[in-house]
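S.K.: would you be able to build a 3D model of this:
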Amino acid sequence: MADLARAPGFSENENSHTAKGMEGADLIRAVIVDDHPLARVGLAQILTGSGRIEVCATLANTQELADALNGLSPDVVVFDLYHAEDTPALAALAALAPSLRVLVVSASGRPADVTGAIRAGASGYITKHADPDLLLAAVETVAAGGFALSPHLADILHAGLSAPPAAQPVLSAREEQALSLIADGLTHAQVAIRMNVSKTTVETYVERIRAKLQVGNKAELARAALEHLHRE
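M.R.: This is a model prediction of the structure:
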């Protein structure tokens, strides 16, 4: 392992980490998403220091990732599960997983977080307590289409995925339709037009949905919509 303090190709410009000395080689392209600046720098040093991985962007949150992906084609997204919030970013992970290979690198080894991330579509999960060599191996495994997991999480994952999933609240067909449209970003008025009902009726649906999914504000509703519909 290269000396991390002098990892080749590391630039202090956060979005321009490039592995040097391997021009023409097929480098693994990685994007780092972590809300802690020191974590982003450390992860970038480790990855670029291998000489096998190019870090094409380091980002603080998934909103920045959505903008950055317009010009990037990463092989792996190295994804912190918590972004300055008390709840794991499972909805954002589920939105990324169909088109990108996501390796969760998190400080959390809680069973609910591990199983939740895998169910949301993560291609691997390692904790930030892992050795740098394990991180490199995990990135390479995920980039090659495999699945990577910290060894001590194997029993947790097996137990979590073997257990029957918790019962989900049952929504009516019309509530499901309204929820799907809300997840697509439509306003209540736009949902009413799509469903050919009044705005008042849509608001009634929303109140029922909020009660069943136990969510409050609009942001929580949108997040719950993505999580609920992904599980269906």
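S.K.: nearest spatial neighbour of the residue sitting nearest the centre point of the chain, skipping sequence neighbours?
M.R.: Geometric centre of the chain, nearest residue: Leu93, 2.7 Å, by Cα atoms, centre = their mean. Distances taken as Cβ to Cβ, 6 or more residues apart in numbering put Ala120 closest to Leu93, at 4.5 Å, once the chain neighbours are dropped. C-beta: built from backbone N, CA, C; applies to glycine.
S.K.: what's the burial count for Ala173?
M.R.: Ala173 has 7 neighbours, counted by other Cβ atoms under 10 Å.
S.K.: do the same with Asp133
M.R.: For Asp133, the neighbour count with other Cβ under 10 Å is 11.
S.K.: same check, this time on Ala192
M.R.: Ala192 is flanked by 20 other residues according to other Cβ under 10 Å.
S.K.: ok, now which ones touch the residue nearest to Leu93?
M.R.: Going by Cβ atoms under 8 Å, 6 or more residues apart in numbering, Ala120 touches 90-91, 93-94, 97, 230.
S.K.: per the record, what domains does this protein have?
M.R.: Taking automatic domain parsing as the domain assignment, the record places the domains of the chain at 4-162, 173-231.
S.K.: please enumerate residues in contact with stretch 136-143?
M.R.: Taking Cβ under 8 Å, 6+ apart as the criterion, the residues outside stretch 136-143 that touch it are 28, 30, 46-47, 50, 52-53, 75-76, 78, 101-103, 105, 123-124, 126, 130, 147-148.
S.K.: try it again with 7 Å
M.R.: Stretch 136-143 is contacted by residues 28, 30, 46-47, 50, 53, 75-76, 78, 101, 103, 123-124, 126, 148 when judged by Cβ atoms under 7 Å, 6 or more residues apart in numbering.
S.K.: that older thread, and of the contacts of Ala120, the nearest to His36?
M.R.: Leu93 (17.6 Å; Cβ to Cβ).
S.K.: tell me how far the host helix or strand of the closest one lies from the chain's centre.
M.R.: Following DSSP states H and E, one finds Leu93 within helix 90-96. When distances are taken as Cα atoms, centre = their mean, to the nearest Å, helix 90-96 is centred 5 Å away from the chain's centroid.
S.K.: and the helix or strand following it, average pLDDT?
M.R.: Scanning forward in sequence from helix 90-96, with DSSP H and E defining helices and strands, the next element found is strand 102-106. Here strand 102-106 scores 96 as its mean pLDDT.
S.K.: before we move on, what about stretch 61-72?
M.R.: On average, the pLDDT along stretch 61-72 is 80.
S.K.: how far does it stretch from start to finish?
M.R.: 16 Å (Cα to Cα, to the nearest Å).
S.K.: now do whichever helix or strand Glu203 is part of: distance to the chain's middle.
M.R.: In this structure, Glu203 is located in helix 199-213 according to DSSP H and E. For helix 199-213, the separation from the chain centroid amounts to 28 Å (computed by Cα atoms, centre = their mean).
S.K.: make residue 1 into 31 and carry on from there
M.R.: Renumbered: residue one is now 31, and that last one reads helix 229-243.
S.K.: number of nearby residues for Ile186?
M.R.: Count around Ile186 with other Cβ under 10 Å applied: 19.
S.K.: helix or strand: which one has it?
M.R.: helix 184-192.
S.K.: against Met225, how distant is Asp214?
M.R.: 13 Å (Cβ to Cβ, to the nearest Å).
S.K.: these two: who's more crowded?
M.R.: Remark: of Asp214 and Met225, Met225 carries more neighbours, 16 against 12, as counted by other Cβ under 10 Å.
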